[in-house]
Structure formats: structure tokens, C-alpha cells
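> With the sequence up front, the predicted model follows.
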Amino acid sequence: MCSRKRALAILVALAISASTPASAADIAANAGAAIAISGRVQHPQILSPGDLQRLPPTQVQISFVTGHGTETGAYTGALLWTVLDNAGLVDEPGRNARLRHTFLVSGRDGYAVALSEAELDPDFEGKQVILAYAKDGKPLDAGDGIRLIVPNDRHGGRAVRDVAEVAVR
């Protein structure tokens, strides 16, 4: 897709995601490996792998059990916290409002996992959760798309492949 058409698709996606966050993932799916950041954010957005690569890179070593054996590797990507912070989380009124956020990370295949703000926020646990675009110094396979990596999980259940959307609740 030429850059002008892609820019138009992204603008349309942003407009739609602001009014109906659930459809943002559908639009991101049509835009290739783009990820929709939607829900309770000031700046809903669609991020391409290139957008993620322009953020400060973080590398995490992982080792977890999968249905196919143990997976190990050094993944590189953007901190999910940085992506969410750039989108501007919107707190509800009330005590400890910022700790009530949850983040539903969904893959294009419909698989989804949840994370809490306290896991990611550097003022609390500050876990180095990343949206990975490389493994062991090489770009991820096209079929994997961007991958959510949650360090120190014993099993790889939250390692979502081909991330399509991060919905803030």
C-alpha cells in the first residue's frame, strides 16, 4: 500500500477507534502488523512496527514452558508501559484510580490476555513487558507479527503472537 493510502487508513482507524474501540482491532488487522491502542486513553492510535522501533528498545531474556517444550530467547521491543504512557491513560475519579486500569492485549487470532497497571507502572512492579519485534537479534517471522513478551511468566500463556490491539479499561 502506498504511504498516502496507509496514512489515510490510519487516520480513519484513529477516528473510528476514538468512537468505537472494539473496531480498532479490525482496522489494525487490515493495516497489516499495526497495533491499535484504544479505550481509556487520551490519544487512541495505530502503531506500526516501525513506530515501535522508534521507541527506546528494551531487551529481555525469557525462558518459559510451552505446549511444544521450553522456549528461550532474547527479545527486543518497546516497553508496553512507554506505549501506554504515550497514549495518555485516562483515570476514573476516585481513590487509587490509576491502579484500576487493566490492559487487554489481543492477537489477530482472537487470543487475549490481561495485565494490570501495577504490573507495568515503574512506581509499582515495573515489569519489563514488551511489544517485541525481534528475537535473538533477528526480526520476528512475518507470521508472528509483533509479540507480547511478559518476563518471568513460568508458562508462555501471556506471550500473545501477532498483537492487534491493546484495549485500556
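Looks like it came in fine. Numbering: from 1, shown residues only.

> In the protein, where is pLDDT below threshold?
Applying pLDDT under 70 to the chain flags residues 1-32.

> Now with 80, please.
1-32, 94, 96-98, 143 (pLDDT under 80).

> That one: helices as residue ranges?
3-19, 24-30, 49-53, 80-87, 117-120 (DSSP state H).

> Mind giving me the packing neighbours of the last one?
I take that to be helix 117-120. When contacts are defined as 3 or more Cβ pairs under 8 Å, 6 or more residues apart in numbering; DSSP states H and E, helix 117-120 sits against helix 80-87, strand 102-107. (Glycine included, C-beta is placed from N, CA and C.)

> Adding mean neighbour count, write those out as CSV.
Shown next, in CSV, are the helices and strands packed on helix 117-120 (neighbours: other Cβ atoms under 10 Å):
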stretch, mean neighbour count
helix 80-87, 19
strand 102-107, 20
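
> so can I have a markdown table of the ones you listed showing distance to residue 165?
Formatted as a markdown table, these follow (distance: least, Cβ to Cβ, whole Å):
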| stretch | distance to residue 165 |
| --- | --- |
| helix 80-87 | 12 |
| strand 102-107 | 5 |
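
> Among those, which comes closest to residue 50?
Nearest of these to residue 50, taken as Cβ to Cβ: helix 80-87 at 13.6 Å.
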